[in-house]
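Enquirer: I'll drop the sequence and a predicted model, then ask my questions.
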Amino acid sequence: MMLDGEGRPRFIWRTSEVTIKPLSPVDDSFAWDEGEGDRTREWWLDAHRRYFARQTSREGFDFHDEILTVFERFEAVWPLDVADMITGPKSDR
């Protein structure tokens with residue numbers, strides 16, 4: 001469940017897949033599904049390399065493309081209008 005700044009529930013998701021692997025082998029479909037930038041693998045890698053480089057620098061260690069990364073796929077389940085928009089209508093509701 002994701003809460004807003006006042007602690008109210010705003011979104012519930014269901015994790016459908018978790019993979020831990022190095023950053024660099026991210027595939028085109030994962031980059032597309034995340035929906036950021038132009039949705040290409042190249043854009044995704046560039047943006048995430050920059051972000052992770054800043055974070056690792058703050059934590060005092062070096063970033064590299066083989067750093068283990070958690071890749072998560074999920075589907076929205078509530079609110080229903082958001083879930084329908086992201087995942088399509090559900091027949092089992």
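Expert: Done, it's in.

Enquirer: shaky segments in the protein?
Expert: 82-93 (pLDDT under 70).

Enquirer: in it, which spans are helices?
Expert: 28-34, 41-59, 80-87 (DSSP state H).

Enquirer: which residues touch residue 40?
Expert: Counting by C-beta atoms under 8 Å, 6 or more residues apart in numbering, residue 40 makes contact with 28, 31-32. Every residue, glycine included, has its C-beta placed from N, CA and C.

Enquirer: give me that answer again for 6 Å
Expert: The contact partners of residue 40, by C-beta atoms under 6 Å, 6 or more residues apart in numbering, come to none.

Enquirer: residue 41 too?
Expert: Applying C-beta under 6 Å, 6+ apart, one finds that residue 41 lies in contact with 28, 31.

Enquirer: quick check: it vs residue 12, distance?
Expert: 29 Å (C-beta to C-beta, to the nearest Å).
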